[in-house]
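Asks: Build me a model:
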Amino acid sequence: MLRSVKNLYLEAYSGLPREAWLLSLVMLINRSGTMVLVFLSLYLTVQKGFSTVEAGRLIGLFGFGSMIGCLLGGWLCDRIGALRIQFISLFFGGLGFIILGYMDSGLSIALALFFSAIVNESLRPANITAMTHVCSPELMARGFALNRLALNLGMAVGPAMGGFLVMLNYSYLFWIDGLTCIFASFVLLYFFRRLDIGIQSDTQNSVNAKNPLRDGFYLFLLLIMLSIGLVFSQVFSTWTLYLKKFSGLFEYHIGLLMTLNTLMITAVEMPLIHKTEKYGALKMIRIGTVFLFAGFAVLPLSSGLLWAAFTVFIWTIGEMLVFPLIGSFIARRAPAVNRGKYMALYTLTFSVSHVIGPVAGTYIYDTLHPDAVWYFAGGLGILAVTGLTYAERINVRKHDSKSG
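Replies: Below you'll find the model as predicted:
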């Protein structure tokens with residue numbers, strides 16, 4: 001039994017190219033310093049004296065800049081290379097965080113936040129695009145899963161360290177976050193001394209490349225991903241409110257639930273993706289979507305820590321199946337010459353959902369009933385699963401027509 005488990009883990013992590021591990025290492029370093037955004041609302045209200053509404057507007061401005069950064073980063077990937085965009089984003093994004101810590105007026109903070117968001121968020125499509133260049137099509141899902149593992153491990157370190165630094169001095173947040181970004185940029189430069197992976201394939205025949213905005217099947221998938229993002233974004237808004245008020249949990253209970261999510265991803269995601277490689281990607285994404293939406297939809301059916309942990313267990317299974325597989329599926333079907341644009345719209349979809357989701361969720365929470373948020377999640381889940389079933393059939397028909 002133990003030997004078979006050991007072999008499963010060895011198989012899951014073997015075969016990935018060295019470059020995939022190095023790209024994930026860069027993201028691990030970068031995310032290990034993530035703390036400015038986590039404590040930004042506290043910094044603006046407690047340290048700078050802004051009202052809650054004013055702080056919300058400034059954070060919203062960062063979200064708007066993030067969406068621009070996603071599009072700009074993907075567009076530039078197809079022109080100057082994904083690795084170069086990563087280096088620029090990490091280095092200048094780090095400088096931006098340090099500068100942000102010295103801004104005092106509302107206007108200067110707003111401008112620094114906006115431009116920092118554009119630079120920092122261009123990293124996401126660039127990193128995903130670079131991973132598609134270093135991994136063969138059959139390894140992309142595991143490459144994405146490895147990247148997610150690095151992100152989750154980093155996020156387990158950064159915010160926790162930031163919580164201690166806040167008690168000393170808020171300015172430490174900006175320096176540590178900025179310096180880890182800059183350090184990650186030099187790690188990238190050290191291991192990838194030629195920052196031109198994928199440039200040749202991306203610049204040749206770009207005129208004849210398919211426009212992602214005219215790819216109906218792709219846009220249909222993005223619509224489904226938007227619905228998934230709208231529900232998943234509740235983790236950062238109404239979910240915590242609901243658990244505290246209606247499930248009888250305290251803040252440290254919620255922290256334990258988030259730790260459960262991180263531990264599951266760390267321990268299970270890579271072997272899970274490896275075992276599902278032999279099945280159709282859309283089929284597994286559909287199954288994962290069922291788990292993800294169900295985990296949120298059943299939340300009002302009971303209360304207490306054990307029930308909340310059970311729901312987290314359910315939606316985390318869905319998270320592990322959906323996010324690595326949908327990213328790799330889109331990357332595989334995107335033309336190599338403008339894959340950056342495809343991945344940019346993909347990351348933009350989640351940025352949009354994380355702007356709309358909390359607003360819509362809190363509106364439903366306050367005006368209808370807190371339980372209604374999760375019932376709406378169940379309804380969206382039915383629509384998403386139906387859409388994925390339809391997309392799977394279309395995909396099978398196209399595959400059959402090509403093979404025939």
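Asks: Just the helices from the stretch 101-250 of the chain, written as ranges.
Replies: Using DSSP state H, counting those that start in this stretch, the helices found in the stretch 101-250 of the chain span residues 106-121, 123-134, 140-168, 171-191, 199-203, 216-232, 238-245.
Asks: Show me which parts of the fourth one are buried, residue by residue.
Replies: This points to helix 171-191. 172-178, 180-185, 187-189 (16 or more other C-beta atoms under 10 Å). To be clear about C-beta, it is placed using only N, CA and C from the backbone, and glycine gets the same treatment.
Asks: What is it packed up against?
Replies: Judged by 3 or more C-beta pairs under 8 Å, 6 or more residues apart in numbering; DSSP states H and E, helix 171-191 is in contact with helix 18-32, helix 82-100, helix 140-168.
Asks: which helices and strands does the longest one pack with?
Replies: Translated: helix 140-168. Partner elements for helix 140-168 (3+ C-beta pairs under 8 Å, 6+ apart): helix 18-32, helix 123-134, helix 171-191, helix 251-276, helix 305-333.
Asks: could these go into TSV alongside distance to residue 38 and mean pLDDT?
Replies: What follows is the helices and strands packed on helix 140-168, written out as TSV (distance: least, C-beta to C-beta, whole Å; pLDDT from 0 to 100):
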stretch	distance to residue 38	mean pLDDT
helix 18-32	11	92
helix 123-134	17	89
helix 171-191	9	93
helix 251-276	12	86
helix 305-333	20	93
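Asks: if you compare those helices, which one is most tucked away?
Replies: Compared across these, helix 123-134 shows the largest average neighbour count, a mean of 27 (mean count of other C-beta atoms under 10 Å).
Asks: now that one and helix 18-32, what's the angle there?
Replies: 160 degrees (axes from the mean of the first three to the mean of the last three C-alpha atoms, to 10 degrees).
Asks: Off-centre distance for helix 123-134?
Replies: Averaging C-alpha coordinates over helix 123-134 and over its chain gives two centres that are 13 Å apart (C-alpha atoms, centre = their mean, to the nearest Å).
Asks: Can you name every helix or strand that that helix contacts?
Replies: Counting by 3+ C-beta pairs under 8 Å, 6+ apart, helix 123-134 packs on helix 18-32, helix 52-80, helix 82-100, helix 140-168, helix 305-333, helix 339-367.
Asks: Tell me which helix or strand comes right after the last one.
Replies: Sequence order places helix 370-403 as the next helix or strand after helix 339-367, per DSSP states H and E.
Asks: Show me this protein divided up by domain.
Replies: 16-193, 210-404 (automatic domain parsing).
Asks: Out of the ones you listed, which gets nearest to residue 4?
Replies: domain 210-404 (11.1 Å; C-beta to C-beta).
Asks: distance between that closest one and the chain's centre?
Replies: Relative to its parent chain, domain 210-404 has a centroid offset of 11 Å by C-alpha atoms, centre = their mean.
Asks: in the stretch 101-250 of the chain, which segments are predicted with low confidence?
Replies: For the stretch 101-250 of the chain, applying pLDDT under 70 flags the ranges 194-209.
Asks: make it 80
Replies: 155-156, 159-160, 163, 166, 193-210, 236-237 (pLDDT under 80).
Asks: ok now do residue 150, which residues does it touch?
Replies: 24, 25, 27, 28, 31 (C-beta atoms under 8 Å, 6 or more residues apart in numbering).
Asks: would you list those in JSON lines and tack on distance to residue 354?
Replies: Formatted as JSON lines, the contacts of residue 150 follow (distance: C-beta to C-beta, whole Å):
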{"residue": "24", "distance to residue 354": "23"}
{"residue": "25", "distance to residue 354": "26"}
{"residue": "27", "distance to residue 354": "18"}
{"residue": "28", "distance to residue 354": "22"}
{"residue": "31", "distance to residue 354": "16"}
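Asks: quick one on the thing from earlier: now, among the buried residues of helix 171-191, which is nearest to residue 344?
Replies: residue 188 (19.5 Å).
Asks: Pull the contacting residues for that closest one.
Replies: Shown in contact with residue 188 (C-beta under 8 Å, 6+ apart): 22, 26, 83, 86, 87, 90, 195.
Asks: can you list those in JSON lines and add distance to residue 226?
Replies: Formatted as JSON lines, the contacts of residue 188 follow (distance: C-beta to C-beta, whole Å):
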{"residue": "22", "distance to residue 226": "32"}
{"residue": "26", "distance to residue 226": "28"}
{"residue": "83", "distance to residue 226": "29"}
{"residue": "86", "distance to residue 226": "26"}
{"residue": "87", "distance to residue 226": "30"}
{"residue": "90", "distance to residue 226": "28"}
{"residue": "195", "distance to residue 226": "32"}
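Asks: Write the PyMOL selection for whichever of the residues you listed are buried.
Replies: Of those, the buried ones go into a single PyMOL selection, burial set by 16+ other C-beta under 10 Å:
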select buried, resi 22+26+83+86+87+90+195
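Asks: Nearest to residue 318 among the contacts of residue 188?
Replies: The nearest member of the contacts of residue 188 to residue 318, counting by C-beta to C-beta, is residue 26 at 27.5 Å.
Asks: Quick check: the closest one touching residue 86?
Replies: Yes: Residue 26 lies in contact with residue 86 (C-beta atoms under 8 Å); the separation is 7.2 Å.
Asks: Report the set of residues contacting both of these two.
Replies: By C-beta under 8 Å, 6+ apart, the residues touching both residue 26 and residue 86 are 127, 188.
Asks: give the contact list for the closest residue to residue 308 other than its chain neighbours.
Replies: Leaving aside its sequence neighbours, residue 308 sits nearest to residue 247 (C-beta to C-beta, 6 or more residues apart in numbering; 5.4 Å). By C-beta under 8 Å, 6+ apart, residue 247 lies in contact with 299, 303, 304, 305, 307, 308.
Asks: Ok, residue 161 next?
Replies: So residue 161 contacts 35, 176 (C-beta under 8 Å, 6+ apart).
Asks: if we go to 10 Å?
Replies: Listed by C-beta atoms under 10 Å, 6 or more residues apart in numbering, the contact set of residue 161 reads 32, 33, 34, 35, 172, 173, 176.
Asks: Distance-wise, check the third one relative to residue 123.
Replies: In this structure, residue 34 lies at 12 Å from residue 123, with C-beta to C-beta, to the nearest Å as the measure.
Asks: so residue 148 touches residue 264, yeah?
Replies: No: between residue 148 and residue 264 there is no contact under C-beta atoms under 10 Å: 11.8 Å.
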